[in-house]
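In: requesting a structural model of the entry that follows:
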Amino acid sequence: MQDRQTWISAALLALGMIVAAVIVGSAIRDFRISDRYVEVKGFAEREVLADLAIWPIQYQLAGNTLDEIRSAMDSADEAVIAFLKLRGFSDNEISRTPPRINDQWIYASGAQRPDNRYTAERGITLRTTRVEATRSALEEAADLISQGVVLTPGWGHSAQFLFTGLEAIKPEMIAAATADARQAAAQFAADSEAKVGAIRAARQGFFSINERDPSTPEVKVVRVVTTIEYILQ
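Out: Model (predicted):
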């Protein structure tokens, strides 16, 4: 009788172990299936035109007295403003920057003193949404030199062309990057004999805005990269 009870207990224990193994095995299998995922990157790119131009027109002045500097500054201001208005820009798009005046005689004496005691740098800034008109004005800026305006070195590279409409195109670009990522995931899944499931996690990268090339700074290239994890079924 005791042997029979021992045998029954052993059988029940073995059966319990088998059931537990089945349950645990099923849980491990389900865990592995749910843990199968692929991480891919999606890319989207779009060319856009700048919608804002900022052109600081800097020029230099020289004179022996402050009155001479002021007179030369007024003449240069008038020439630059007339140049811009001739090309259709309005007063609201033009602003003056404070002059920087340097006394060259402070640290020099006698023969070491330059001919002109004072030098100054002055600027007029054009801020406008008329990007193409600004590009044309840049190409014709040499006209200012012929009028006696001494432009500072590098004046031709000082203009900025900006794109401010990023928020309007963000949703479409994110959607395009997501579609690109899903296509990459689908290719991986096909190679793995699986199917692409739901998104497990997603990380949106930063948007970048750069010039397409140095010769056309008004043409911008907007890029975004997204990183997405898809569950594989």
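In: so where is the chain shaky, pLDDT-wise?
Out: Per-residue confidence of the chain (counting by pLDDT under 70) places the weak regions at 1-35.
In: tell me which stretches of it form strands.
Out: 37-49, 52-63, 94-103, 118-128, 150-151, 160-162, 196-204, 208-211, 219-232 (DSSP state E).
In: and these as JSON lines, adding distance to Ala181 and mean neighbour count?
Out: (Each C-beta comes from the backbone N, C-alpha and C, glycine too.) What follows is these, written out as JSON lines (distance: least, C-beta to C-beta, whole Å; neighbours: other C-beta atoms under 10 Å):
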{"stretch": "strand 37-49", "distance to Ala181": "3", "mean neighbour count": "16"}
{"stretch": "strand 52-63", "distance to Ala181": "32", "mean neighbour count": "19"}
{"stretch": "strand 94-103", "distance to Ala181": "45", "mean neighbour count": "13"}
{"stretch": "strand 118-128", "distance to Ala181": "39", "mean neighbour count": "19"}
{"stretch": "strand 150-151", "distance to Ala181": "49", "mean neighbour count": "16"}
{"stretch": "strand 160-162", "distance to Ala181": "29", "mean neighbour count": "16"}
{"stretch": "strand 196-204", "distance to Ala181": "9", "mean neighbour count": "14"}
{"stretch": "strand 208-211", "distance to Ala181": "18", "mean neighbour count": "12"}
{"stretch": "strand 219-232", "distance to Ala181": "4", "mean neighbour count": "19"}
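In: as a markdown table, those strands with distance to Ser109 would be great.
Out: Conversion of these to a markdown table gives the following (distance: least, C-beta to C-beta, whole Å):
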| stretch | distance to Ser109 |
| --- | --- |
| strand 37-49 | 56 |
| strand 52-63 | 19 |
| strand 94-103 | 13 |
| strand 118-128 | 16 |
| strand 150-151 | 27 |
| strand 160-162 | 42 |
| strand 196-204 | 64 |
| strand 208-211 | 48 |
| strand 219-232 | 53 |
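In: got the domain boundaries for the chain?
Out: 35-48+165-232, 52-162 (automatic domain parsing).
In: run a quick neighbour tally on Val187.
Out: Heads up, residue 187 is Gln, not Val. For Gln187, the count of nearby residues is 13 (other C-beta atoms under 10 Å).
In: distance check, it against Ala179.
Out: Applying C-beta to C-beta, to the nearest Å, one obtains 13 Å for the distance of Gln187 from Ala179.
In: then Glu68?
Out: 66 Å.
In: those two: which has the busier surroundings?
Out: Glu68 (16 against 12).
In: got the contact list for that one?
Out: Shown here is Glu68, whose contacts under the criterion C-beta atoms under 8 Å, 6 or more residues apart in numbering are Tyr118.
In: nearest to Ala111, out of the strands of the chain?
Out: Ala111 sits nearest to strand 94-103 of all these, at 17.6 Å, using C-beta to C-beta.
In: for the nearest residue to Arg182 once chain neighbours are set aside, which residues make a bridge with it?
Out: Setting aside the residues directly before and after it, Arg182 is nearest to Val196 in space (C-beta to C-beta, 6 or more residues apart in numbering), at 6.6 Å. As for beta bridges, Val196 partners with Leu232 under DSSP bridges.
In: is it true that Val196 touches Leu232?
Out: Yes. If you go by C-beta atoms under 8 Å, Val196 and Leu232 touch, sitting 6.7 Å apart.
In: overlap in contacts of those two?
Out: Counting by C-beta under 8 Å, 6+ apart, the common neighbours of Val196 and Leu232 are Ala189.
In: what's the spacing between the residue nearest to Arg100 when sequence neighbours are not counted and Pro98?
Out: Leaving out its chain neighbours, the residue that sits closest to Arg100 by C-beta to C-beta, 6+ apart is Glu121, at 4.8 Å. Using C-beta to C-beta, Glu121 is found at 10 Å from Pro98.
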